[in-house]
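J.: coords below, sequence missing:
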């Protein structure tokens, strides 16, 4: 992909995200602003937080799609603090005109946090890029222990308004990209499980909520996100005897994002959100088994689940979620979609 076409796709995704929120959601009034429910991969930092991990990702290798900024970068940074190896494959090799961060600045952040990082410029829609990322992870770090399907595109337009190019973009990135990265990493994940290192596929996708509300509100996007979740459901069953855990994770509330902050009044809107660190801590808890409670040896409990961040962190001992919020009381936080 050329730099020109890459920037065009990213700009399309940003503009679609921004406009479709305004078109498709009934606003929730908060702090005098109209707050629209959505979720994104672009998130911000947070202070000292209540989660205390009981396990570690030290020495384990994570392969992530996307992750040059936002929730993906927060998840990767939390793993890097343990001393993990992180391979990030993202399209953003050059600075974006609206959103900060590239795959290379992300790698610098991960290494500063204590991990090892391998930044790769690649597109999850491209079979060759994904295969090369898997090969590079194995060559550099000796294998893959965790796959994180983080890359995602969003357009909340209704059916008669959505352009089929945008429909295809979401299907290609969200569904096909998740399936492809998981598929090509399977040999390495099975080996990690056989070697006793623990293997996991974690996808940032929602519970399969068949309430017609969500299909009727933005059918194209719902299909794309549920395609990611169906990949979790199917792979968990397919791999249940291979020792590879497969789960999904989704936020309970709006997450502070660069895209929302770039909207008019965005700095106030995100006061009704939580920071990306709640997803980072929840992902860490899932990947280390810290959410399983007193009986972590039950393998069936650790695969085929559609977790929310709150659910996981409560099980890991967190009772006060206020440090993850940016301003408003907990009861005034804006809930995320699909829940």
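T.: Sure, I can see it. Being a predicted model, the structure only gives us computed values, none of them experimental.

J.: Every contact and neighbour count from this point should use C-alpha atoms.
T.: OK.

J.: Quick one: the strands in the stretch 201-339 of the chain, in order.
T.: If DSSP state E, counting those that start in this stretch is used as the criterion, the strands of the stretch 201-339 of the chain fall at 244-250, 305-308.

J.: and the shortest one, which strands flank it?
T.: Pointing back at strand 305-308 there. strand 244-250 (parallel) (DSSP bridges).

J.: who touches the partner strand?
T.: Here strand 244-250 makes contact (C-alpha atoms under 8 Å, 6 or more residues apart in numbering) with 189-190, 193, 198-207, 229, 232-233, 235-236, 239, 279, 283, 302-309.

J.: do that again at 7 Å, thanks
T.: Strand 244-250 has contacts (C-alpha atoms under 7 Å, 6 or more residues apart in numbering) with 189-190, 193, 199-206, 229, 232, 235-236, 302-309.

J.: Tell me the helix or strand right after the one helix or strand in the chain whose mean pLDDT sits lowest.
T.: Ranked by mean pLDDT, DSSP states H and E, the weakest helix or strand in the chain is strand 33-35, scoring a mean of 33. Note on strand 33-35: by DSSP states H and E, the next helix or strand toward the C-terminus is strand 61-65.

J.: any idea of the mean pLDDT in whichever helix or strand comes after that next one?
T.: Per DSSP H and E, the first helix or strand lying C-terminal to strand 61-65 is helix 70-82. Taken as a whole, helix 70-82 carries a mean pLDDT of 96.

J.: How far does stretch 203-219 stretch from one end to the other?
T.: Stretch 203-219 has an end-to-end distance of 20 Å (C-alpha to C-alpha, to the nearest Å).

J.: Report the buried residues of that stretch.
T.: Burial within stretch 203-219, assessed by neighbour count using 16 or more other C-alpha atoms under 10 Å, is assigned to 203-208, 214-215, 217-219.

J.: Now for those residues: which two are most distant?
T.: Distance extremes for these: the farthest pair is 203 and 217 at 22.7 Å, using C-alpha to C-alpha.

J.: Of the buried residues of stretch 203-219, which belong to helices?
T.: Those of the buried residues of stretch 203-219 mapping onto helices are 214-215, 217, 219, per DSSP state H.

J.: Closest to residue 74 out of those residues?
T.: Minimum distance to residue 74 across these is 27.4 Å, recorded for residue 214 (C-alpha to C-alpha).

J.: thought that closest one was touching residue 339?
T.: No - Residue 214 is beyond contact range of residue 339, at 9.2 Å (criterion: C-alpha atoms under 7 Å).

J.: shaky segments in the stretch 1-150 of the chain?
T.: For the stretch 1-150 of the chain, the stretches with pLDDT under 70 are 1-47.

J.: Now do the phi/psi pair for residue 145.
T.: Per-residue torsions, residue 145: phi -100, psi -30 (degrees, to the nearest 10).

J.: quick one: contacts for it?
T.: Neighbour list for residue 145: 60-62, 189, 192, 198-200 [criterion: C-alpha under 7 Å, 6+ apart].

J.: 10 Å instead?
T.: Shown in contact with residue 145 (C-alpha atoms under 10 Å, 6 or more residues apart in numbering): 57, 59-63, 85, 185-186, 188-193, 197-201, 244, 287.

J.: now the nearest residue to residue 68 once chain neighbours are set aside: how far from residue 90?
T.: Closest residue to residue 68 apart from its sequence neighbours, by C-alpha to C-alpha, 6 or more residues apart in numbering: residue 103 at 4.6 Å. Taking C-alpha to C-alpha as the measure, residue 103 falls 6 Å from residue 90.

J.: Could you do residue 56 as well?
T.: In terms of C-alpha to C-alpha, residue 56 sits 25 Å off from residue 90.

J.: Ok, residue 63 next?
T.: According to C-alpha to C-alpha, residue 63 stands 11 Å off from residue 90.

J.: Then residue 228?
T.: Per C-alpha to C-alpha, residue 228 is found 18 Å from residue 90.

J.: So between the two, which is more surrounded?
T.: Set residue 228 next to residue 90 and count neighbours by other C-alpha atoms under 10 Å: residue 228 wins out with 27 against 24.

J.: Tell me if I'm right that that one and residue 148 touch.
T.: No - applying C-alpha atoms under 10 Å, one finds residue 228 not in contact with residue 148, separated by 11.8 Å.

J.: any residues in contact with both of these two?
T.: Common neighbours of residue 228 and residue 148 (criterion: C-alpha under 10 Å, 6+ apart): 178, 203-204, 248.

J.: contacting residues for residue 108?
T.: 102, 115-119.

J.: cool, residue 199 as well?
T.: Per C-alpha under 10 Å, 6+ apart, neighbours of residue 199: 60-62, 144-147, 186, 188-193, 242-246, 287.

J.: rerun at 6 Å
T.: Listed by C-alpha atoms under 6 Å, 6 or more residues apart in numbering, the contact partners of residue 199 are 145-146, 189, 192-193, 244.

J.: where's it relative to residue 216, distance?
T.: Separation of residue 199 from residue 216 (C-alpha to C-alpha): 36 Å.

J.: Please work out how many residues are found near residue 308.
T.: Look at residue 308: counted by other C-alpha under 10 Å, it has 22 neighbours.

J.: What separation do you get for it and residue 206?
T.: Counting by C-alpha to C-alpha - residue 308 and residue 206 are separated by 8 Å.

J.: same check, this time on residue 123
T.: Between residue 123 and residue 206 the computed distance is 23 Å (C-alpha to C-alpha).

J.: Cool, thanks, signing off.
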